[in-house]
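Sequence first, then the predicted structure:
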Amino acid sequence: MVVYNFKKMHAVPTAMELIDIVLMRTQRKTPTVIHPGYKITRIRGFYIRKIKFTQQTIHERLTQILTDFPRLNDIHPFYADLCNTLYDRDHYKLALGQLNTARTLVDGISRDMIRMVKYGDSLYRCKCLKRAALGRMCTLLKRQKSSLAYLEQVRKHMSRLPALDPHTRTLLLCGLPNVGKSSFMNKITRADVDVQPYAFTTKSLFVGHCDYRYLRWQVIDTPGILDHPLEERNIIEMQAITALAHLTCAVLFFCDISEQCGYTVEAQCTLFKSIRPLFANKQLIFVVNKVDQQPWETLEESKKKLVEDIIKNDSVTMIEMSNATETNIAKVKNTACDMLLASRVDARVAGNKIKSDLMNRLQVFTPVARDNVERESSIPESVMRRRQQLENKTTPDDEDEIAMLGSKKKKFSRTSNSGYAPTVSEDDGDNQVMEDTEKFKTAREHMWENGGPGVWAPDYREQYDLKEEDWRFDAIPQILNGKNVCDYIDPDIEVKLARLEKEEEQLAKEADAANMEDCESDLDEEEEAAVTAIRERKAIIKKEAHVKNTQNHSVRGRQIRNKPLNKMHEIAVTSSKAIHDKMDALGVDTSKMIERGRKRERAERGRKASRSRNREEKMSDDEEDVDMKEPAGSKTAAKKQKRLDQDLVREEKGSRSHSRPRKPTDVGVKDKEAMRKVEQLSRKEGQIKWSRGHASQEGDNRQTVHLIKWMNTGKKRMGTSYCR
């Protein structure tokens, strides 16, 4: 259980950020407009509210900062000394004290200015007092710039401190730099501490956890400690000294007898003696490390004697170990855990707290005789009857059983129906003694004898309570609509079902044979391939027609010029006699119409003849020019001639770049006057321009300028976001 969690501390804003937060919140949360006609009492309340809201916001922010940071006098001494080592206790308390003073001064400014606003006799005077109050509060916050910046740095560093629990079971690793502390921690815990072949790789405390005897153990890796006076030790070394001084733990002092760490065995023993007072009331293990490089047996006698003197004088446990070969790593961990666990148990037993708590939890009763009557033991009648039966037929086994009954060591299994519904076979007497003396097998024993769980299941029919015991294993009838299903089942139904299935199988085979005979064809392979290709082509044509019919197309009328669509391919009636007969049948005089048609035909024929003569003359002139300019048979002449022929054909046909104008009746208009009005209206609609006030529709793509609300609302004053 971690007691302190510094990661939950809120970020500390800078002085300017805090001023922005306070002023912006005041503007958002309080009214911003004073309308003409407000009474002076309402104006005073308007500005009093702004002053008080600003003061409350500053008070809440500063209170949150003061609450988040721990008080050094209220936390564990280990954390208090660690903060003193890392952050300087005086500077830390001074910064928090300045914020507390600033909070008190802001409250006083608010109280004084509100009292003055209450006596303001005009809008201008109340406004000036409000500006003075907010300005003085912001000035106080500006003066806390250095304190807020320092506390933010402290917060960032404290959030990175390891989550230590000073009260739990702890193993502490200490020693000179580069003696194998971090390597040992990586071996026994899930921590990943950086290990490098140079001194002071570990510059702060690292925490790991391991399990032993179903308990969670905390392992702390400390930075290396050098052998010099306490006043000369730096911040890195002081972290290890602080942990040794304040944590109740088992200490593992590492000694590198191979001297690869850069320090001799004598220097390591001297360091042990200098920090020996810090090991008071702690379980101590002297770990001789790197025995793979320098075995303990081959160590020099002088060095070995120094280590042995420390062990004898200080009653220290020594264990040889090697991180490289993992020799005795588990032994070191288990020994340290056992020693610490035993000491914790002894400390609790020796204290008065556990005794008082134990007596409060237990309640001991001593029986007291209620009278002086002597009460002898009572033997049940069933036991007496059983004894008599065994005495009548004495055998070696019976003699043993009698002796057991006499000594009351034999326990009979009894059957009891208490708690169950009464049955017919149940006697009214007391519990009966089972006559069989054989050992009764439980359902669990039967289960393991017959395959185990999932294979064997007990037969619960033995427990059925029926009138006749022989009925228990009978088949349970299936009842449907109040009738027994077995009464309506034909006993020969299985035989009939098999016969019916065989008959159906035979019919299916005959049907397959008939289909095979019908499928035979007189066509050869080529003809069958042709038929298949025709069928495939037919299917493709059907699909194309379906796709074509489902595509979008213009809607046409069912008749064009009074002629049905299914008769559009027929030749129209053009002879004068046919027209005369048809119109006479309708009762219309066609003499003038036929005469007019004949005149138009003669005029058209005359124009065609004149055009043909002109064309022949022009072609003859062009041929003469070509003969004069180009030699006969040249490619250039052939190209020019071809181009001239194309121009002549184009002139005969007339220009078709634009559609021919249709008659008014073709577009649904009565006459030329109506046609003129339609064209005029269409031109007028095309000339309508988009006006600014025109209502926009869903198809309009016009983009208007949108003003951001939060940037264009509220009061606009001269100045900046820091000072208004």
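Perfect, I can see it now. Remember, predicted model here, so these are calculated numbers, not experimental data.

okay, CA-based contacts and neighbour counts for the rest of this
Fine.

which residue ranges form the helices in the stretch 451-600 of the chain?
Taking DSSP state H, counting those that start in this stretch to define them, one finds helices in the stretch 451-600 of the chain at 493-518, 525-550, 576-585, 591-629.

Looking at the ones you listed, spot the one closest to residue 20.
helix 525-550 (67.4 Å; C-alpha to C-alpha).

how far is the closest one from where the chain is centred?
Relative to its parent chain, helix 525-550 has a centroid offset of 56 Å by C-alpha atoms, centre = their mean, to the nearest Å.

Put together JSON lines for the helices of the stretch 451-600 of the chain, with mean pLDDT and mean neighbour count on each row.
Formatted as JSON lines, these follow (pLDDT from 0 to 100; neighbours: other C-alpha atoms under 10 Å):
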{"stretch": "helix 493-518", "mean pLDDT": "84", "mean neighbour count": "11"}
{"stretch": "helix 525-550", "mean pLDDT": "84", "mean neighbour count": "11"}
{"stretch": "helix 576-585", "mean pLDDT": "79", "mean neighbour count": "13"}
{"stretch": "helix 591-629", "mean pLDDT": "66", "mean neighbour count": "12"}
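
what would those helices look like in a markdown table with distance to residue 188?
A markdown table is the format used below for the helices of the stretch 451-600 of the chain (distance: least, C-alpha to C-alpha, whole Å):
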| stretch | distance to residue 188 |
| --- | --- |
| helix 493-518 | 73 |
| helix 525-550 | 76 |
| helix 576-585 | 118 |
| helix 591-629 | 111 |
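
can you tell me which of the ones you listed comes nearest to residue 308?
Closest approach to residue 308 among these (C-alpha to C-alpha): helix 493-518, 95.6 Å.

what packs against that closest one?
If you count contacts as 3 or more C-alpha pairs under 8 Å, 6 or more residues apart in numbering; DSSP states H and E, helix 493-518 packs onto no helix or strand.

what ranges do the strands span in the protein?
Using DSSP state E, the strands of the chain run over 170-175, 206-212, 215-221, 250-256, 283-289, 317-320, 414-415, 432-433, 479-480, 483-484, 559-560, 563-564.

So which of these is nearest residue 103?
Residue 103 lies closest to strand 206-212 among the strands of the chain, at 37.7 Å (C-alpha to C-alpha).

can you redo the strands of the chain as TSV with mean pLDDT?
As requested, the strands of the chain are exported to TSV (pLDDT from 0 to 100):
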stretch	mean pLDDT
strand 170-175	92
strand 206-212	92
strand 215-221	92
strand 250-256	92
strand 283-289	91
strand 317-320	90
strand 414-415	40
strand 432-433	44
strand 479-480	86
strand 483-484	86
strand 559-560	50
strand 563-564	56
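
Residue 115 is nearest to which of those strands?
Nearest of the strands of the chain to residue 115, taken as C-alpha to C-alpha: strand 206-212 at 56.2 Å.

What residues of the closest one count as buried?
206, 207, 208, 209, 210 (16 or more other C-alpha atoms under 10 Å).

For the third one, give me its contacts.
With contact set as C-alpha atoms under 8 Å, 6 or more residues apart in numbering, residue 208 has these partners: 185, 189, 190, 191, 218, 219, 220.

Spit out the contact partners of the first one.
If you count contacts by C-alpha under 8 Å, 6+ apart, residue 185 has them with 191, 193, 208, 219, 221.

among those, which two are most distant?
Within the contacts of residue 185, 193 and 219 form the most distant pair, 12.1 Å apart (C-alpha to C-alpha).

which stretch among the strands of the chain comes nearest residue 25?
Among the strands of the chain, strand 206-212 comes nearest to residue 25, with 42.4 Å by C-alpha to C-alpha.

For that closest one, C-alpha coordinates in CSV please.
Extracted C-alpha coordinates of strand 206-212, given in CSV (Å, rounded to 0.1, in the frame of the first residue of the first chain):
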residue,chain,number,x,y,z
PHE,A,206,14.9,2.7,-7.6
VAL,A,207,12.1,0.5,-6.4
GLY,A,208,11.3,-3.1,-7.4
HIS,A,209,9.0,-5.8,-6.0
CYS,A,210,9.3,-9.6,-5.5
ASP,A,211,7.3,-12.4,-4.0
TYR,A,212,8.3,-14.7,-1.1
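
Identify, from the contacts of residue 185, the entry nearest to residue 522.
Nearest member of those to residue 522, counting by C-alpha to C-alpha, is residue 191, at 87.5 Å.

Quick one: residues contacting the closest one.
Residues near residue 191 by C-alpha under 8 Å, 6+ apart: 185, 207, 208, 209.

Distance of it relative to residue 378?
Residue 191 is 69 Å from residue 378, where distance means C-alpha to C-alpha, to the nearest Å.

cool, residue 111 as well?
As judged by C-alpha to C-alpha, residue 111 and residue 378 stand 91 Å apart.

got it, and residue 157?
80 Å.

ok, those two, which is more surrounded?
residue 157 (14 against 6; other C-alpha atoms under 10 Å).

Could you pull out the buried residues of stretch 54-62?
Buried-residue list, stretch 54-62, by 16+ other C-alpha under 10 Å: 54, 55, 56, 57, 58, 59, 61, 62.

which residue packs closest to the fifth one, ignoring adjacent ones?
Distance criterion C-alpha to C-alpha, 6 or more residues apart in numbering; nearest residue to residue 58, sequence neighbours excluded, is residue 22 at 6.6 Å.

Any idea how many residues pack against the one you found?
Using other C-alpha under 10 Å, residue 22 is surrounded by 20 other residues.

dump the residue contacts of it.
Shown in contact with residue 22 (C-alpha under 8 Å, 6+ apart): 54, 57, 58.

For residue 447, state which of the residues you listed is nearest.
Looking across the contacts of residue 22 and measuring by C-alpha to C-alpha, the closest to residue 447 is residue 57, at 74.3 Å.

Compute the distance between the closest one and residue 99, please.
To residue 99, residue 57 is 14 Å away according to C-alpha to C-alpha.

Could you do residue 535 as well?
96 Å.

Check residue 255 too.
According to C-alpha to C-alpha, residue 255 stands 48 Å off from residue 99.

the more surrounded of those two?
Applying other C-alpha under 10 Å to residue 255 and residue 99 shows that residue 255 carries more neighbours, namely 29 against 21.

re the thing from before, can I get the contacts of residue 185 in CSV with distance to residue 337?
Below are the contacts of residue 185 laid out as CSV (distance: C-alpha to C-alpha, whole Å):
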residue, distance to residue 337
191, 18
193, 21
208, 15
219, 11
221, 16
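
what's the closest of those residues to residue 117?
Closest approach between the contacts of residue 185 and residue 117, by C-alpha to C-alpha: residue 208, at 61.0 Å.

sorry, back to before: of residue 193 and residue 219, which one has the most company?
residue 219 (23 against 18).

Is it correct that the more buried one is in contact with residue 172?
Yes: the pair formed by residue 219 and residue 172 meets the contact definition of C-alpha atoms under 8 Å, at 6.0 Å.
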